[in-house]
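Engineer: Make a model of this:
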Amino acid sequence: MGQQNSNMQKILFTTISLLKNNTYEDITIKDICTAAGISRQTFYNYFKSKDEIFKVFFRDLVEKGEVFSPDKPLEYYFSDRYLYDIISLYDKYSDIFIALYKQDILWYLGKEFVSAHKNALFDKIPDPYINKYRNYFYLYSYLTISYICLEWIKTGKKETKEELIEMLKYFSHFRM
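Structural biologist: Numbers count the residues shown, from 1 in each chain. Predicted structure coming up:
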């Protein structure tokens, strides 16, 4: 299991490194394998395609409990702890999130990831208005937190995580 995880991480981080100087479309599996020092067969032992690299990354975050889990109580998703966990995730994997953002594929992957889980969350929300407009609620919550976390990373993480939480809470209650 250790070698498998090591090879998967090597492929992920090699791809992220390649994204710094190339577009996602221009990077080939051969480029990834050459830069990672692995064979194509090794690549295909872990991933079906280049697109699978980031899908597996997001899936692993769920399995490790680092992000959304349908087993967590509803209150968690409306708590400061949830905001702190999301901010910490962006902090921990900032290179990956920034690379995906710059390549304009973060939103696609994030939407795909959350869409796979949002019904389990929304089924727990007793508010009929939120349930009726769940797709908009998802966009509001996901994009708001993501954009703020990305801006925080891009500006050098000047604020503390606690300050970001306070900012998010304040902005969510502010009405024009």
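Engineer: Run the chain-centre distance for the helix or strand that I16 is a member of.
Structural biologist: Counting by DSSP states H and E, the element that carries I16 is helix 2-19. In terms of CA atoms, centre = their mean, to the nearest Å, the centre of helix 2-19 is found 16 Å from the chain centre.
Engineer: Mind giving me the packing neighbours of that helix?
Structural biologist: Here helix 2-19 touches helix 29-36, helix 40-46, helix 52-63, helix 94-102, going by 3 or more CB pairs under 8 Å, 6 or more residues apart in numbering; DSSP states H and E. The way it works is simple: take the backbone N, C-alpha and C, and place the C-beta from them, glycine included.
Engineer: what about the longest helix seen in the chain, average pLDDT?
Structural biologist: For the chain, the helix with the greatest residue count under DSSP state H is helix 134-154. The average pLDDT for helix 134-154 rounds to 84.
Engineer: now swap in stretch 168-176 and tell me
Structural biologist: Along stretch 168-176, the predicted confidence averages to a pLDDT of 76.
Engineer: same thing with stretch 74-82?
Structural biologist: Taken as a whole, stretch 74-82 carries a mean pLDDT of 84.
Engineer: Residues touching the longest helix of the chain, excluding its own?
Structural biologist: Counting contacts by CB atoms under 8 Å, 6 or more residues apart in numbering, the residues outside helix 134-154 that touch it are 83, 86-87, 90-91, 94, 97-98, 101, 106-107, 110-111, 114-115, 118, 122, 130, 158-159, 164, 167-168, 171-172.
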